[in-house]
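Trainee: The sequence and its predicted three-dimensional model are supplied below.
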Amino acid sequence: MKYNYYPGCSLERNASAYHDSTMAVAKPLGIEFQEVNDCNCCGAVEFMAIDKMQAYALIARNLSLAEQQMSNGENLVAPCSACFLNLSKCDAYLSASPALADKVNKALAAGGMHYTPGQVHTRHLLDVAVNDVGYDAIAKKVSKPLYGLRVAPYYGCLIVRPGFLDKFDDPEYPTSLDKLMRTLGATVVDFPMKAHCCGGHMTQISEPVALYMIHQLLKNAADYEADVITTICPMCQLNLDAYQHNVNKAYGTHYNIPILYFTQLMGLAFGLSAKKLGFGKEFISAAPALIKIGVKPPKKPKKKRPSKQELPMPVMPEEE
Amino acid sequence: MTIDTLDIAASPMPATVPKRSFLQEVIEDTPGSDPRFEMCIQCGTCGGSCPSGPDMEYSPRRIFAMIKADMREEVLKSNTFWYCVSCYYCMARCPQQVHITDLMYTLKRKAVREGYCRKSTASDAPDFSEFFADAVLKYGRSFELGLATRYHLRHHPLGAIKMATGMGLEMMRKGRMDLTPRRIKNVDQLQAILSKAEEIARQEREQGGVA
């Protein structure tokens, strides 16, 4: 299966573990990705707050690039929930409002581009994995089932809400990721807050507001004794992972739950090496979870400082 | 005083089209199909579903009532829409299918354009969006290090130092943060598109629209 691939800004650096693991599982899944050439930022949740026309033109440039390089109606895949929402929402609103589409195309024309609303169908990577590849095909590829690993499946917001193009899962209580994790052999814990918000950009704007939301999610996962939380969005991963320490400080808790991308867990179950799947980049180390399922965690980079033995240490003369 | 004695001709009201209400302005400034703002039945499902609702000065339900009451200044000075995290719970649950999250973006844009955001209790927040947009305009990509540095140095310099030496350093050590921005190849093309978009919106505003 061929897809156009829109990585977005996060996957290039901050969420490179997501990108690496996506590329690693593509082959066993039988997926071929063609990256959208020279794509730009989708605007995240920020650009729309500044300028509407520019925000739509920004997203439409990506859609236009995807439209140009599509050969026979392949879908566009976005692994980031915010990119997925922006691309699909822009297409839906341009289709719904010809006046807006006309203005956006006038702007695109300044760069010699054009986009026909409705041409590019954007889908999330999870949707493609469970619906196009399918649970059965995934199950056939599992060589090292994640037996015994207790996983809390975390969806976050934008993948299931509001669903502009197609609602592939329930907006309140989604289950596709649960089912995928079970396919991989993991034990899926009950996680009632699975579709709640991670706080998004509030970690920057008003940290206490974000820490409250992150704390609720971590508490919920810890209450159900999850070994790891698995996520499908770079923003959710960053907030729950990098801010876990701050939550512990603010709430006097001792959470130590690794936050892993679903593609990383899928790769492990396919028998791929932890290093190839981008393990080791998480703030909360996944090593204990990896050991639990019998996977060797990637080696920590050696410190360059020479060992004590190599240092010229003063030696006491031996007593006779 | 009877109706007959009223001098209608001397009334100070100009004989032009009645002024557009705040609600009407907000509706026209919201993209896509009909955002259904007039359909709000004040049930409060939105506020009850909002994860940052407790920190908002006015709940989304109350903001709707205030917009309908033409309370422009109070609405645009509030922190409500700046605390919206775009989780779309309100929109998914609204029994009237009102496009609530889109409303929050429209209010953000209005507050920035009309300068009310500087008087808000969340007056730092607009800078985060603005600095993010600046980087995208310049490079075509977001630039996390530049954004975090610029935003925190401006608003909480002490916190910025703490962040740089703690989380920032760890991000770099793990190879999760770029030291320099990444630029797309065709940045000139993107800038031409975006400045044209700005021009279109400006022309429309000058002609009385709200793009």
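Mentor: Looks like it came in fine.
Trainee: which ones are touching the residue positioned nearest the centre of chain A?
Mentor: Of all residues in chain A, the one closest to the mean position by CA atoms, centre = their mean is residue A:233, 3.1 Å from it. Each residue near residue A:233 by CB atoms under 8 Å, 6 or more residues apart in numbering or on different chains is listed here: A:80, A:81, A:82, A:156, A:158, A:159, A:198. In this view, the C-beta of every residue, glycine as well, is placed from N, C-alpha and C.
Trainee: let's go with 7 Å and repeat that
Mentor: By CB atoms under 7 Å, 6 or more residues apart in numbering or on different chains, the residues touching residue A:233 are A:80, A:81, A:156, A:159.
Trainee: distance of it from residue B:132?
Mentor: Distance, residue A:233 to residue B:132, by CB to CB, to the nearest Å: 18 Å.
Trainee: Residue A:26 now?
Mentor: Distance from residue A:26 to residue B:132, counting by CB to CB: 30 Å.
Trainee: The two: who's more crowded?
Mentor: Ranked by neighbour count (other CB atoms under 10 Å in any protein chain shown), residue A:26 and residue B:132 place residue B:132 first, with 27 against 17.
Trainee: these two touch, right, the more buried one and residue B:144?
Mentor: No: counting by CB atoms under 7 Å, residue B:132 sits too far from residue B:144 to count as a contact (9.5 Å).
Trainee: can I assume residue A:132 is in contact with residue A:1?
Mentor: Yes: Residue A:132 is within contact range of residue A:1, at 6.1 Å (criterion: CB under 7 Å).
Trainee: Those two: who's more crowded?
Mentor: Shown here are residue A:132 and residue A:1; by other CB under 10 Å, residue A:132 has more neighbours (16 against 13).
Trainee: My reading is that that one is in a helix; is that accurate?
Mentor: Yes: inclusion of residue A:132 in a helix is indicated when DSSP: H, G, I helix; E, B strand; the rest coil is applied.
Trainee: domain assignment for the chain?
Mentor: If you meant another chain, say so; for now it's chain A. Using automatic domain parsing, the domains assigned to chain A come out as A:2-124, A:143-292.
Trainee: wait, chain B
Mentor: Per automatic domain parsing, the domain ranges recorded for chain B read B:22-123, B:124-211.
Trainee: most packed of these?
Mentor: Comparing the domains of chain B by mean neighbour count (mean count of other CB atoms under 10 Å in any protein chain shown), domain B:22-123 comes out on top with a mean of 19.
Trainee: Contacts only, for residue A:216.
Mentor: By CB under 7 Å, 6+ apart, the contact list for residue A:216 reads residue A:193.
Trainee: you'd agree it is in a helix?
Mentor: Yes: under three-state DSSP, residue A:216 falls within a helix.
Trainee: I'd like to know how far it sits from residue A:285.
Mentor: 23 Å.
Trainee: what's the answer for residue A:102, then?
Mentor: From residue A:102 across to residue A:285, the span is 52 Å (CB to CB).
Trainee: Would you mind pulling the contact partners of the longest helix anywhere in chain B?
Mentor: If you go by DSSP state H, chain B has its longest helix at helix B:187-206. Identification of contacts with helix B:187-206 by CB under 7 Å, 6+ apart yields A:40, A:51, A:53-54, A:57-58, A:61, A:103, A:106-108, A:110-111, B:137, B:139-140, B:184, B:211.
Trainee: again, only using 10 Å
Mentor: The contact list for helix B:187-206, computed with CB atoms under 10 Å, 6 or more residues apart in numbering or on different chains, reads A:38, A:40-41, A:47, A:51-58, A:60-61, A:64, A:102-104, A:106-113, B:29, B:113, B:133, B:136-141, B:184, B:186, B:209-211.
Trainee: Let's see which of the residues you listed end up in strands.
Mentor: Among those, no residue falls in strands (DSSP state E).
Trainee: shaky segments in chain B?
Mentor: Scanning chain B for pLDDT under 70 picks out B:1-18, B:210-211.
Trainee: would you list every one of the strands in it?
Mentor: Going by DSSP E, chain B shows no strands.
Trainee: I'd like to know how far the residue most central in space within it sits from chain A.
Mentor: Nearest to the mean C-alpha position of chain B, by CA atoms, centre = their mean, lies residue B:108 at 1.5 Å. Separation of residue B:108 from chain A (CB to the nearest CB, to the nearest Å): 4 Å.
Trainee: Touching, that residue and residue B:26? I think so.
Mentor: No: between residue B:108 and residue B:26 there is no contact under CB atoms under 10 Å: 11.6 Å.
Trainee: Do me a favour and get the end-to-end distance for stretch B:114-125?
Mentor: Using CA to CA, to the nearest Å, the end-to-end distance of stretch B:114-125 comes to 15 Å.
Trainee: check contacts around the residue lying closest to residue A:11 once chain neighbours are set aside.
Mentor: In space, and not counting its chain neighbours, residue A:11 is closest to residue A:19: 4.1 Å by CB to CB, 6 or more residues apart in numbering or on different chains. If a contact means CB under 10 Å, 6+ apart, then residue A:19 has A:5, A:7-8, A:10-13, A:79-80, A:234, A:261, A:263, A:278 as its contacts.
Trainee: same deal with residue A:240?
Mentor: Applying CB under 10 Å, 6+ apart to residue A:240 gives the contacts A:154, A:156, A:198-199, A:213-214, A:217-218, A:221, A:229, A:231, A:247, A:255, A:257-259, A:283-284.
Trainee: so it, which of the three states?
Mentor: Look at residue A:240: counting by three-state DSSP, its state is helix.
Trainee: again with the one 10 residues further on
Mentor: Classification of residue A:250 by three-state DSSP places it in helix.
Trainee: Return the distance of it relative to residue B:146.
Mentor: As defined by CB to CB, residue A:250 lies at a distance of 27 Å from residue B:146.
Trainee: Also residue A:194?
Mentor: As for residue A:194, its distance to residue B:146 is 34 Å (criterion: CB to CB).
Trainee: same thing with residue A:316?
Mentor: 55 Å.
Trainee: Just the contacts of residue A:19: which are in helices?
Mentor: Applying DSSP H to these, the entries found in helices are A:234, A:263.
Trainee: closest to chain B among the contacts of residue A:19?
Mentor: Nearest to chain B among those is residue A:13, at 5.1 Å by CB to the nearest CB.
Trainee: which ones are touching the closest one?
Mentor: By CB under 10 Å, 6+ apart, residue A:13 lies in contact with A:19, A:234, B:141-145, B:171, B:175-178, B:182.
Trainee: Could you rerun that using 7 Å?
Mentor: B:176, B:177, B:178.
Trainee: Then residue B:102?
Mentor: Neighbour list for residue B:102: B:30, B:32, B:35 [criterion: CB under 7 Å, 6+ apart].
Trainee: follow-up on the earlier one: among the contacts of residue A:19, which ones are in strands?
Mentor: Counting by DSSP E, the part of the contacts of residue A:19 found in strands is A:5, A:261.
Trainee: Relative to residue B:103, how far out is residue B:80?
Mentor: The gap separating residue B:80 from residue B:103 is 10 Å, by CB to CB.
Trainee: let me fix that: residue B:160
Mentor: Distance of residue B:160 to residue B:103, given as CB to CB: 33 Å.
Trainee: Residue A:83 too?
Mentor: As judged by CB to CB, residue A:83 and residue B:103 stand 23 Å apart.
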